[in-house]
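> What follows is a predicted structure for the sequence shown.
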Amino acid sequence: MLVSKNLFQSEHMKKMRLLFNIGMVGCMLTLGSCEKQIFKEPYAYLSPADAFSTPDKISKAATGMYDQLQNANFFGGRVLVYADIRGIDAGVPAYFGDVPKFNTLLSTNSYVNDAWRGAYRTIYEVNVFLKNLAANPGKVSDAQAAQYTAEGKFIRSLVYFYLVNLWAQPYKFTSGASHLGVPLILTASDDPFSASNQVPRNTVAEVYNQIEKDLLEAEAALNYPNNTRAFADVARATKGAAQGLLMRLYLYKGDYQKALDYANKLITSGKYAMNTDGPATAFRNFTTNESIFSVGMSGGDNPNTNNALGQHYSPDGRGDIAISPDYVNLMEATDKRRTDLVRTYAPAPGTLWSTKYVGVADWVPVLRYSEVLLTKAEALANLNTAVDADAVALVNLVRSRSNATPIAAPATKQGLINAVILERRIELAFEGQGILDFLRTGRNIPAHATVNEQAYGSDYVVFPIPKYETDMNLKLDQNHGY
């Protein structure tokens, strides 16, 4: 589905991109790795004071945060790909070199380095926006300012969620999550070459706490989407999006009561539901009630469409990622997730492909309602000492939508937990949680294709900090093993 008025492709956005050219391209400002020539260029078109001088200009500047969220090396699709090709269902694609191979990955790897840079570039865009919005009070209503601020905090939280879970061991790895996470950068520096910009890594607990703080503030300021879905109801932050990311954050922490509470908030809001006509609909019509938050895209958002999910996963694109037969065999022959979302390709008989993404304009799914139902099921399974009947019913609700046979109630609590995690693996495949579900649940990553088993807690299950960062910032500790 294409959006008739693409929010991100207007002439206004082209101008807003130029507004932030001071430090936005190839810049990880926070750790002092920006190239100096970037900062020699003058502002183009608009100074910050001019850009935040009217409600219309501020609205366009807010749109700029989403434009950066689309960046090709992070939430343009690549961050989801990296989480999944380091899991077990997306094969070991040669296109991404050593990224899926664990112990051959180096701190100089360009894919990993570009992802790190892309993430912090998005964070910097948010920080610049929040700084300039606060410096120009009264230009928009208090309510509008609160909404824009909340949107920025949601975007920043989303980026930090993936940063801390890809570049650091999972929350429960140490007592109190006291191990190293990633640097928290919450302001935009006036002097990019100040020594104060060279900061150490925060602990995982500190990063999680900041994500939680930002999301709670965003939840309070944002509204739920309209019942009649439009572009902004899915592609911009809403109260439901903040609640969904909080739900996931608490699940990853192992705080099952809060994960349950936030799943229930979304369920009782009445704003979301699974598409009854099958699992493929959410990947063809991007604004249905099943989608809580997605990164809205068009064919022009990734340069040459090279990094789009449809380019990587579809044989009609470049087809970099063929999916594992083991994954496909988890599903019955009549399961619609198999019949509607898996295909073969005639020139390569026997090779299997996911059809969740078929074109370069496909949106990037971040939160869907089926994840809410499965999170509630997992929380109930963990909170109760016996096998929870409601958790079984929730798993079967997800399965029934896809014409899959209902599961019988497992004999034990652990059996139920395993069943929920397996259903997550089937339902949420290729949506950016592949390796993360192994890490958060303390499991080894099984051997697959040419990759050996990776033990829980081993050095190489997390990405290295880019070498150029640790070389320039002596306060920045490298991950063990790199």
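Thanks, I have it.
> The longest strand belonging to the chain: which residues count as buried?
Across the chain, the longest stretch assigned as strand under DSSP state E is strand 348-354. For strand 348-354, the neighbour count (16 or more other CB atoms under 10 Å) marks 352-354 as buried. The way it works is simple: take the backbone N, C-alpha and C, and place the C-beta from them, glycine included.
> who's in contact with it?
313-315, 319, 321-325, 328, 341-345, 429-430 (CB atoms under 8 Å, 6 or more residues apart in numbering).
> tally of neighbours for the closest residue to D214 other than its chain neighbours?
Leaving aside its chain neighbours, D214 sits nearest to K153 (3.9 Å; criterion: CB to CB, 6 or more residues apart in numbering). Residue neighbour count, defined by other CB atoms under 10 Å, stands at 26 for K153.
> Tell me how far K153 lies from I211.
9 Å (CB to CB, to the nearest Å).
> now do R440
14 Å.
> of these two, who's got more company?
Of the pair R440 and I211, I211 is the one with more neighbours under other CB under 10 Å, namely 24 against 20.
> circling back to that earlier point, could you write me a ChimeraX select line covering just the buried ones among the contacts of strand 348-354?
This is how ChimeraX selects the buried members of those, with burial counted by 16+ other CB under 10 Å:
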select :313,314,315,319,321,322,323,324,328,341,342,343,429,430
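> From the contacts of strand 348-354, which land in helices?
Counted as lying in helices by DSSP state H, out of these, are 313, 325, 328.
> Nearest to S291 among those?
Y313 (18.1 Å; CB to CB).
> quick one: contacts for that closest one?
Y313 neighbours (CB under 8 Å, 6+ apart): 319-321, 353-357, 430.
> do Q68 as well
Neighbour list for Q68: 24, 121-122, 125-126 [criterion: CB under 8 Å, 6+ apart].
> That one belongs to a helix?
Yes. Q68: assigned to a helix according to DSSP: H, G, I helix; E, B strand; the rest coil.
> before we move on, the earlier item: doesn't L216 make contact with the residue nearest to D214?
No. The criterion here is CB atoms under 8 Å, and K153 misses it with L216 at 9.3 Å.
> quick one: low-confidence ranges for the stretch 51-200 of the chain?
Scanning the stretch 51-200 of the chain for pLDDT under 70 picks out no residues.
> 80 instead, please
Low-confidence segments of the stretch 51-200 of the chain (pLDDT under 80): 192-194.
> Helices along that one, start to end?
55-69, 78-85, 110-134, 142-167 (DSSP state H, counting those that start in this stretch).
> Distance check, the residue nearest to D214 against A263.
Taken as CB to CB, the span from K153 to A263 is 21 Å.
> Give me the distance from the longest strand of the chain to the chain's centre.
On the basis of CA atoms, centre = their mean, to the nearest Å, strand 348-354 sits 27 Å off its chain's mean C-alpha point.
> And stretch 395-415, by the same measure?
27 Å.
> got the CA coordinates for it in PDB?
Extracted in PDB, the C-alpha atoms of stretch 395-415 (Å, rounded to 0.1, in the frame of the first residue of the first chain):
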ATOM      1  CA  VAL A 395      -1.800 -18.500  22.200                       C
ATOM      2  CA  ASN A 396      -4.700 -20.200  20.500                       C
ATOM      3  CA  LEU A 397      -6.200 -16.800  19.700                       C
ATOM      4  CA  VAL A 398      -3.100 -15.900  17.700                       C
ATOM      5  CA  ARG A 399      -3.000 -19.400  16.100                       C
ATOM      6  CA  SER A 400      -6.600 -19.500  15.100                       C
ATOM      7  CA  ARG A 401      -6.300 -16.300  13.100                       C
ATOM      8  CA  SER A 402      -3.800 -18.200  10.900                       C
ATOM      9  CA  ASN A 403      -5.900 -21.400  10.700                       C
ATOM     10  CA  ALA A 404      -3.300 -23.300  12.900                       C
ATOM     11  CA  THR A 405      -4.500 -26.100  15.100                       C
ATOM     12  CA  PRO A 406      -4.900 -25.000  18.800                       C
ATOM     13  CA  ILE A 407      -2.300 -26.200  21.200                       C
ATOM     14  CA  ALA A 408      -3.400 -28.400  24.100                       C
ATOM     15  CA  ALA A 409      -2.700 -27.200  27.600                       C
ATOM     16  CA  PRO A 410       0.900 -28.100  28.400                       C
ATOM     17  CA  ALA A 411       1.500 -30.300  31.500                       C
ATOM     18  CA  THR A 412       3.800 -27.900  33.300                       C
ATOM     19  CA  LYS A 413       4.400 -24.200  33.800                       C
ATOM     20  CA  GLN A 414       7.700 -24.400  31.900                       C
ATOM     21  CA  GLY A 415       6.000 -26.300  29.100                       C
END
